[in-house]
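> Got a predicted model here, sequence first, then my questions.
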Amino acid sequence: MFLLCALVYACYSPGAGFGLAFDDVANLIGLATVRDADSALIFVFAGDAGPLGRPLSLASFLPHAGAWVEQLALMIRANIGLHLVNALLVAQLARRLAAFLPEVSIQPARFALAVAALWATSPLLMSTSLMAVQRMTSLSAFFCLLGMIAWLDARVRLEQRPWRSLAGMSVAVLLCTAAAALSKETGALLPLFIMVIEFGLVRHRLPAPLQVPPEALAWMGWRLLVFGLPILGILYLGWRHLADVDAAYAGFGYGPVDRLLTQAGVLFEYLHQIVVPKRSGLGPFHDDVLVSSSLSGLLLSCCWLVSGVLAWRLRNGKYRAFSFAYAWFLVGHLLESTIFPLEPYFEHRNYLPAVGVWIGVCALLWSGIGTLRHAGTAVLAVLLLNNLFVLRETGLVWSDPVIAGRIWHEEHPDSMRALLQYGRSLGERGQVERSVQVYDAASPRLQATAHYQAGRLQLYCATRPPERVEDAMRSLENVLGSGRIDYHAPESVGLVMQLAAAERCKGFDIGRGRAILEAIATSTDSRVMPRARRAAHAALADYWISQSELDPTIRHLEEVSLSSGEIADMRKIVRVLLSARLCEVAVDRFNAVSLHEPANPLKRVVWRYQRDGMAQDIASGCGSAAAGGKH
């Protein structure tokens, strides 16, 4: 294992200096404001990357607070270290599961090493560790693996010590599921991974462990509760999304059926990159995947259904490792690769699903191929060598942001994120003109999007003469009538308006920019995402604040507050009111906010902190009399 960890670290290490990547700034910029315990609490509990905020993951970044950008390489190396720890946990899990796989039960240590080696060297998982913010994925996986191991240790003693075993299993599932879900929401799938282990492997070697009625009834109830609740929760979430498809998929341009058919092909591509990876298909940017209903998607969905029937038929026989791997892989993708409105392709989604794939592959090949006893071992060795070769090549790509950006942009010419990454890396090297040329040479599909045209307008403000800025403005107006509009477009227009107001963007018409934002903010078109409307209102509020216009400022801030439901946005309204010396109105707003404490205990921490800060704002702005009157 030591040699394995050293090899993996050597392959990953060149990419530690890559720098900022997609989503890093949006989720980690709050580290710059962490100065004391209060600001640390705000950072940890104010996360919005997921429904639960992912506070445990955010807390893991606190040691890097303050100069977090300068410590980015150290953060990445910590991610790599966590990946190696997870590899050790994968080995421990595989060693325990070997007892339930007859073909490998006599060599559990070698089997565990093979599974851990193939998983740890899987190139598809590299971006999970080399993107700082994806520690959320690997930390959640850490708690999931820990929970599976603890559950298995208690499960094998169920017959001898039933009540103690049930208690141990309960503690393992509850604590590790909570910790995993608070790191990333997919951690809530831990009970379902355990269900796959129980029904796919364990029950074949330890059938009906309890016969005495009280213990047997308790064991049946435990399984119904622990395995049934997550299934009901997922079904409920699915029903909520399907009950109002237009709202759930607003701005996406497709529906749940389109996404499900597309995911059938994406899942096969994942499997290909897990088992037989190739460097040309790897990289963090896959936002160019087209989501649509197609015959190929239907055929691939049928392939998954046929495979499911085969897995069901093989579940009790010699090849039940195939059934186990099939169920594990699909369970791992239940939340992120089915009907829920998320982007279709991200490599990090395979971090845990790949564990089951490699357990299945190793178990199926361990006893040989047909009459060739050692052929399976030879195939596993070839797979490992291929993993190491591709992993090393991928690590070298990550070692230079400009080279990586160029490769990813060439491989994904329709990816906006790949274009932005390449352009930014060129700009950071001082190759600004080359960066503009790359941007101008974007694919027609990209140029037809509001995201691209708004970014081009922002870029031209800093690099091109007024007439070219005017052209970029006109191009943006032309594309707003078609295609998806996300939050990037109004944010870019808002920034350009600020530059123009400071006379740092010649050729930009502020009136036209305001009209663009108003059109997005008030649009009821399904192409406009709710977050885009909120961003447009926020940009307009910032503009009117700079113009010292109270009424439109309050109007747009109220729209932002209604959309987000965040107390921080209401606090902005109170601050604007205080700046206009409207103390009574500010106190009324404060009293209204104080009546709506959130039920979510994690959100309540930040809510109370912001409420107390709002009270201090009122006391400072209106004096102690007003502060006392608010109660």
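Looks like it came in fine.
> Please count neighbours and contacts with C-alpha atoms only from this point.
OK.
> pLDDT below threshold where in the chain?
206-212, 368-373, 624-631 (pLDDT under 70).
> Domain ranges for it, per the record?
2-398, 401-562, 565-631 (automatic domain parsing).
> distance between stretch 436-448 and the chain's centre?
27 Å (Cα atoms, centre = their mean, to the nearest Å).
> buried sites along it?
Val436, Val438, Tyr439, Ala442, Leu446, Gln447, Ala448 (16 or more other Cα atoms under 10 Å).
> Same check on stretch 9-19?
Here stretch 9-19 shows Tyr9, Cys11, Tyr12, Ser13, Pro14, Gly15, Ala16, Gly17, Phe18, Gly19 as buried, counting by 16+ other Cα under 10 Å.
> now do stretch 595-612
Buried, per 16+ other Cα under 10 Å, within stretch 595-612: Pro598, Leu602, Lys603, Val605, Val606, Trp607, Tyr609, Gln610, Arg611.
> Can you name the residues in contact with it?
Leu41, Ile42, Phe45, Ala46, Leu52, Ile567, Ala568, Arg571, Phe590, Ser594 (Cα atoms under 8 Å, 6 or more residues apart in numbering).
> CA-only coordinates of it in PDB, if you can.
Extracted as PDB, the C-alpha positions of stretch 595-612 are listed here (Å, rounded to 0.1, in the frame of the first residue of the first chain):
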ATOM      1  CA  LEU A 595     -40.700  36.600  13.100                       C
ATOM      2  CA  HIS A 596     -39.400  34.200  10.500                       C
ATOM      3  CA  GLU A 597     -36.600  32.200  12.100                       C
ATOM      4  CA  PRO A 598     -35.800  29.300   9.800                       C
ATOM      5  CA  ALA A 599     -36.600  25.700  10.800                       C
ATOM      6  CA  ASN A 600     -33.300  24.400   9.500                       C
ATOM      7  CA  PRO A 601     -30.900  24.400  12.500                       C
ATOM      8  CA  LEU A 602     -27.900  24.900  10.200                       C
ATOM      9  CA  LYS A 603     -29.400  27.900   8.500                       C
ATOM     10  CA  ARG A 604     -30.500  29.200  11.900                       C
ATOM     11  CA  VAL A 605     -26.900  29.800  13.000                       C
ATOM     12  CA  VAL A 606     -26.300  32.200  10.200                       C
ATOM     13  CA  TRP A 607     -29.800  33.700  10.500                       C
ATOM     14  CA  ARG A 608     -29.300  34.600  14.200                       C
ATOM     15  CA  TYR A 609     -25.900  36.100  13.500                       C
ATOM     16  CA  GLN A 610     -27.200  38.200  10.700                       C
ATOM     17  CA  ARG A 611     -30.200  39.300  12.800                       C
ATOM     18  CA  ASP A 612     -27.900  40.400  15.600                       C
END
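> Please compute how far that stretch lies from its chain's middle.
Centre-to-centre, stretch 595-612 and its host chain are 25 Å apart (Cα atoms, centre = their mean).
> Now, the buried residues of stretch 9-19 that are in helices?
Tyr9, Cys11, Tyr12 (DSSP state H).
> Can you add distance to Asp153 and give those residues back as CSV?
Formatted as CSV, those follow (distance: Cα to Cα, whole Å):
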residue, distance to Asp153
Tyr9, 30
Cys11, 33
Tyr12, 32
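> residues near Pro51, how many?
A count of nearby residues for Pro51, using other Cα atoms under 10 Å, gives 10.
> Which residue comes closest to it once chain neighbours are left out?
Glu185 (7.6 Å; Cα to Cα, 6 or more residues apart in numbering).
> One more: Val357?
In space, Val357 is closest to Ala325, 5.0 Å off (Cα to Cα, 6+ apart).
> How is that neighbour assigned, secondary-structure-wise?
Under DSSP: H, G, I helix; E, B strand; the rest coil, Ala325 falls in the helix class.
> Now do the contacts for it.
Contacts of Ala325 were listed using Cα under 8 Å, 6+ apart, and they are Gly356, Val357, Trp358, Ile359, Gly360.
> now, among the residues you listed, which is nearest to Arg110?
Of all the contacts of Ala325, Ile359 has the smallest distance to Arg110: 12.3 Å, by Cα to Cα.
> Can you read off the backbone torsions of the closest residue to that closest one other than its chain neighbours?
The spatially closest residue to Ile359, leaving aside those adjacent along the chain, is Val115, at 5.9 Å (Cα to Cα, 6+ apart). Dihedral pair for Val115: phi -60, psi -50, per degrees, to the nearest 10.
> Show me the longest helix that occurs in this structure.
The chain, longest helix under DSSP H: helix 213-243.
> For that one, buried residues please.
Glu215, Trp219, Val226, Phe227, Pro230, Gly238, His241, Leu242.
> Let me have those in TSV, extended by distance to Ala26.
Formatted as TSV, the buried residues of helix 213-243 follow (distance: Cα to Cα, whole Å):
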residue	distance to Ala26
Glu215	50
Trp219	45
Val226	35
Phe227	35
Pro230	30
Gly238	28
His241	26
Leu242	29
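> Now flag whichever of those is closest to Trp151.
Of the buried residues of helix 213-243, the one sitting nearest to Trp151 (Cα to Cα) turns out to be Val226, at 12.0 Å.
> Grab the nearest non-local neighbour of that closest one.
Pro191 (6.3 Å).
> Quickly note the distance from the one you found to Trp408.
Distance, Pro191 to Trp408, using Cα to Cα, to the nearest Å: 37 Å.
> just Arg35 next, same as before
On the measure of Cα to Cα, Arg35 and Trp408 end up 37 Å apart.
> ok, those two, which is more surrounded?
Trp408 (25 against 11).
> Who are the packing partners of whichever strand or helix holds that one?
Per DSSP states H and E, Trp408 falls inside helix 401-411. Judged by 3 or more Cα pairs under 8 Å, 6 or more residues apart in numbering; DSSP states H and E, the packing partners of helix 401-411 are helix 375-398, helix 416-428.
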